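>>> Structure of the sequence below:
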Amino acid sequence: MGSGNGSCPAAALDELVWQDLCRILTNPILISQEMERAQAGEWLPQALQARRKTVRDALKQIERQQSRLLEVFLAEVIERAEFGRKRHELVQTQQGLEQQLRQLEVQAKKHIDTLELSQNIEAFCQRIQPALETLSFARRRQLVELLIDRVVDDDRVEIG
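Purely as a prediction, here's the structure:
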């Protein structure tokens, strides 16, 4: 009787885990929501695009300022030391903006990768749904292990 008690909770737990997995696989929107939650703090696509445009516009403004500074120097309105100091400030600002733009590009790529992953997950869920009820325990276990490995390897999504 003691061994029966030991296996019964394990079987019940297996069934609960499987039911939860089936709920997730038949509702891929849950996965998408978890992916969004995992990326909390990132800008929405519209805000990301707006920020990229702002940084690009600021870089164009810096280029115009550098041209004007050179014109003023060549017209001998300012001394070489003043020109050097102001040019150095503009270059530092430009480098900071270029770094921001690179970070925004990385975030944009991450967002695109996430959208592609989300679409792939939804397609996978649609393909697997018809077979969920008929899978043997061994196949269920393989599916769970595969999904766990995929989530852990991607380090992007936490299902639960």
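>>> Distance-wise, check the residue nearest to the spatial centre of the chain relative to residue 57.
The centre of the chain sits closest to residue 110, judged by Cα atoms, centre = their mean, with a distance of 4.1 Å. Distance, residue 110 to residue 57, using Cβ to Cβ, to the nearest Å: 23 Å. From N, CA and C alone the C-beta is placed, and that goes for glycine too.
>>> got a pLDDT number for residue 125?
pLDDT recorded at residue 125 is 76.
>>> Surely it and residue 26 touch.
Yes: with contact defined as Cβ atoms under 8 Å, residue 125 and residue 26 form a contacting pair (7.0 Å).
>>> out of these two, which sits in the busier spot?
Set residue 125 next to residue 26 and count neighbours by other Cβ atoms under 10 Å: residue 125 wins out with 18 against 13.
>>> Which strand or helix spans that one?
Taking DSSP states H and E as the criterion, residue 125 maps to helix 80-128.
>>> Could you do residue 62 as well?
In this assignment (DSSP H and E), residue 62 forms part of helix 45-74.
>>> Residue 78 too?
Element membership for residue 78 (DSSP H and E) is empty, with no helix or strand holding it.
>>> count of residues packed around residue 16?
Residues near residue 16, counting by other Cβ under 10 Å, number 10.
>>> from now on call the first residue 18
Sure, I'll start counting at 18 from here, so that last one is residue 33.
>>> and it, which of the three is it?
Using DSSP: H, G, I helix; E, B strand; the rest coil, the secondary structure recorded for residue 33 is helix.
>>> returning to what we had before: quick check: angle from the helix holding residue 142 to helix 62-91?
160 degrees (axes from the mean of the first three to the mean of the last three Cα atoms, to 10 degrees).
>>> other SSEs contacting helix 97-145?
In this structure, helix 97-145 makes packing contacts with helix 45-55, helix 62-91, judged by 3 or more Cβ pairs under 8 Å, 6 or more residues apart in numbering; DSSP states H and E.
>>> Could you single out the most deeply buried of those?
The highest average neighbour count among those, using mean count of other Cβ atoms under 10 Å, belongs to helix 45-55 at a mean of 15.
>>> Just the mean pLDDT for that helix, thanks.
On average, helix 45-55 scores 66.
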